[in-house]
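1. build me a model:
(2 chains)
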Amino acid sequence: MNFSPAELEAIWLSVKVALACVVISLPLAIWVGYKMARYDFKGKAIIESIIHLPLVMPPVATGYLLLVIFGTKGIFGSWLYETFGLRLAFSFYAAIIASVVVSFPLIVRAIRTSMEMIDTGLEDASRTLGASRWRTFIKITVPLAMPGIISGTILAFARSLGEFGATITFAGNIAGETQTLPLAIYAKMQVPGQEMATMRLVVVAVVISFIAMVLSEWYIKKMKHDRG
Amino acid sequence: MTDPIKGKPHFVLLLIFSGLGLLACKNGEGTNEKQQNSLNIFAASSLTDIVSEIGDAFEKNSGTAVNYNFASSGTLARQIEQGAEADIFISANRTWVDYLLSEKIIEESRISEFARNELVLIVPQNSEHLGTDIEKIDISALIAKNRMAIGDPEHVPAGMYSLQVLKSLGWMDDLEGKLLKTKDVRTALMLVELDEAGIGLVYKTDALKSEKVRILSVVPSDLHEPVEYFMIDLTGNDKSNRFLEFIRAPEVQLKLKSNGFKF
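-> Here you go, the predicted model:
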């Protein structure tokens, strides 16, 4: 299959956005997941609901809300524009923000569940042996939560690659900047006579998704095997 | 652990038949029936308001329900080519009409002219740029902190006309990397309304509909091929004929004129 430069650009852009999404979401999700798993605090239920909203909302609605908040004439976006001349909407960064917002609940859930399943006795033992809270977190909690962290990461990566509604609404369909793979497929579909080009992109999407699933399954098997 | 559902075929069959039962439930009249008894109009997105108005008047007048599908003409042509059931198709340029002709989906005798339009350069209502003649515009200064929204030239007629204009004006080099290509002309309008794009190229009729944008310049019509809408009767049946007659009525033609369309 021969890909045109524009098609390769869309594929590469999708990968970049997905990687950026994971890199940004992961540290935040580990922290939030830990707090949710170990602590109770006022307003926890509300925060949980807000984090999980993008999971159940139609992605286009999520994108529209992002536009209302961060658009150049938006509640927060207008301040950003007036103060720093920063335009977030319809940019590469908007594509990343859209991906982060929709995949964040996925990582948080996976990590939180993993952490809830850890025997807290192990963490307590570590503390009584003199380890600091940070050392306990890094050496005991995080390694034990690894299955959740890894599967959450793969989920977020895959979700970002497939993200369409929020991206097209908040980031638009700008070739080279925000036209990720799903958007490129959608754009090509609109043009009569471009069926082959559309198919090529769809095949790439299927292949990438398939690889992600295979990796995920292989990893789960490995974890089960290692745990014995 | 053994499969808990194994050996319980009744359970599985019950699930399947419940699912099929739900599918068989009709939504009121059933969507296909509704489509067959009413007039289905596919029209370019720039015609969203005017065709809806005309369609509503037609509904009151004739009693036939009207369904609308507004999108870029290229998108609609593709949908029709793939079998979408439309009675009337109004395209914003000849390209997509010729496409359907070449695919043997329509005949020349079913094509008629609908209206004409003009292109304008627009800016957000509160923009610092004042109205001016297009030759006086310094594009490199104008585009410095902005982007220009146009329809995607690959399938949106407004985008195709826009590209012709930009090439005629010699602006393509300055606009390198600054064009926001949208899925239809109304989305280009929206980007300027939201000030995500500082400038846009849309139809005059679109600009007149929006209070959030201002016309910077009217585009001289010699910079692009004439903007002509073509109406195609896809089915040749009774309701289509009545609609075509209805459009020719003086009141409807007057309404088109008052919205900024030309003939």
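
2. alpha carbons only for contacts and neighbour counts from here, please
-> OK.

3. skipping its backbone neighbours, what lies nearest the residue of chain A found nearest chain B in space?
-> Nearest to chain B in chain A, going by Cα to the nearest Cα, is residue A:190, at a distance of 4.6 Å. Using Cα to Cα, 6 or more residues apart in numbering or on different chains and skipping residues adjacent in sequence, the residue nearest residue A:190 is residue B:75, 4.6 Å away.

4. past the helix or strand containing the one you found, which element shows up next along the chain?
-> Using DSSP states H and E, residue B:75 sits in helix B:73-81. Remark: after helix B:73-81, the chain's next helix or strand is strand B:88-91, criterion DSSP H and E.

5. who does that following strand pair up with?
-> strand B:39-44 (parallel), strand B:227-233 (antiparallel) (DSSP bridges).

6. let's have those in a markdown table, adding distance to residue A:199 and mean neighbour count.
-> What follows is these, written out as a markdown table (distance: least, Cα to Cα, whole Å; neighbours: other Cα atoms under 10 Å in any protein chain shown):
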| stretch | distance to residue A:199 | mean neighbour count |
| --- | --- | --- |
| strand B:39-44 | 26 | 25 |
| strand B:227-233 | 30 | 22 |
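
7. would CSV of the ones you listed with mean pLDDT and distance to residue A:109 be doable?
-> Output for these, formatted as CSV (pLDDT from 0 to 100; distance: least, Cα to Cα, whole Å):
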stretch, mean pLDDT, distance to residue A:109
strand B:39-44, 95, 44
strand B:227-233, 95, 53
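
8. okay, the ones you listed in a markdown table with distance to residue A:6 next?
-> Below are those laid out as a markdown table (distance: least, Cα to Cα, whole Å):
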| stretch | distance to residue A:6 |
| --- | --- |
| strand B:39-44 | 27 |
| strand B:227-233 | 29 |
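
9. coming back round to it: quick one, what contacts the residue of chain A closest to chain B?
-> Residue A:190 makes contact with B:74, B:75, B:78, B:155 under the criterion Cα atoms under 8 Å, 6 or more residues apart in numbering or on different chains.

10. would you point out the most distant pair within the residues you listed?
-> B:78 and B:155 (9.7 Å; Cα to Cα).

11. about what we covered before: and the helix holding residue B:75, what does it pack onto?
-> strand B:39-44, helix B:94-102 (3 or more Cα pairs under 8 Å, 6 or more residues apart in numbering or on different chains; DSSP states H and E).

12. run the last query once more with 10 Å
-> Based on contacts counted as 3 or more Cα pairs under 10 Å, 6 or more residues apart in numbering or on different chains; DSSP states H and E, the elements that helix B:73-81 packs against are helix A:181-189, strand B:39-44, strand B:66-71, strand B:88-91, helix B:94-102, helix B:157-169.

13. sorry, back to before: out of the strands paired with strand B:88-91, which comes closest to residue B:185?
-> For residue B:185, the closest of the strands paired with strand B:88-91 is strand B:39-44, at 8.8 Å, according to Cα to Cα.

14. which stretches of the chain form helices?
-> No chain specified, so I'll use chain A. A:5-38, A:44-56, A:59-70, A:77-84, A:92-116, A:120-128, A:133-136, A:142-144, A:146-162, A:165-170, A:181-189, A:195-227 (DSSP state H).

15. the chain in question should be chain B.
-> B:9-24, B:31-37, B:48-62, B:73-81, B:94-102, B:139-143, B:157-169, B:185-193, B:204-209, B:238-248, B:250-258.

16. can I get those in a markdown table with mean pLDDT and mean neighbour count?
-> Formatted as a markdown table, those follow (pLDDT from 0 to 100; neighbours: other Cα atoms under 10 Å in any protein chain shown):
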| stretch | mean pLDDT | mean neighbour count |
| --- | --- | --- |
| helix B:9-24 | 82 | 11 |
| helix B:31-37 | 62 | 12 |
| helix B:48-62 | 94 | 16 |
| helix B:73-81 | 92 | 23 |
| helix B:94-102 | 94 | 17 |
| helix B:139-143 | 87 | 14 |
| helix B:157-169 | 95 | 20 |
| helix B:185-193 | 93 | 24 |
| helix B:204-209 | 94 | 20 |
| helix B:238-248 | 92 | 15 |
| helix B:250-258 | 92 | 14 |
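
17. closest to residue B:111 out of those?
-> helix B:94-102 (8.3 Å).

18. and the stretch 101-250 of chain B, which of its residues are near chain A?
-> With Cα under 10 Å from any Cα of the partner chain as the criterion, the stretch 101-250 of chain B comes near chain A at residues B:145, B:152-156, B:177-183, B:187, B:191, B:193-197.

19. in the stretch 101-250 of chain B, what residue lies closest to chain A?
-> For the stretch 101-250 of chain B, Cα to the nearest Cα, closest residue to chain A: residue B:155, 5.4 Å.

20. just name the shakiest helix or strand of chain A by mean pLDDT.
-> helix A:195-227 (a mean of 84; mean pLDDT, DSSP states H and E).

21. what residues does chain A have near chain B?
-> So far as Cα under 10 Å from any Cα goes, chain A lies against chain B at A:67-68, A:71-74, A:85, A:87-91, A:172-177, A:186-194.

22. spell out for me the PyMOL command that would select the buried members of those residues.
-> This is the PyMOL syntax for the buried subset of these, where burial follows 16 or more other Cα atoms under 10 Å in any protein chain shown:
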select buried, chain A and resi 67+68+71+72+73+74+87+88+89+90+91+172+173+174+175+176+177+186+187+188+189+190+191+192
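
23. and residue B:233, how close does it get to residue B:112?
-> Noted for residue B:233: a distance of 8 Å to residue B:112, by Cα to Cα, to the nearest Å.

24. so what's in contact with those two at the same time?
-> B:90, B:244 (Cα atoms under 10 Å, 6 or more residues apart in numbering or on different chains).

25. show me the shaky parts of chain A.
-> A:1, A:227-228 (pLDDT under 70).

26. show me the contacts for residue 193.
-> Defaulting to chain A. B:78, B:99.

27. um, chain B though
-> Contacts of residue B:193 (Cα under 10 Å, 6+ apart): A:73, B:122-126, B:187, B:199-200, B:210-214.

28. what does residue A:133 give?
-> A:123, A:124, A:126, A:127.
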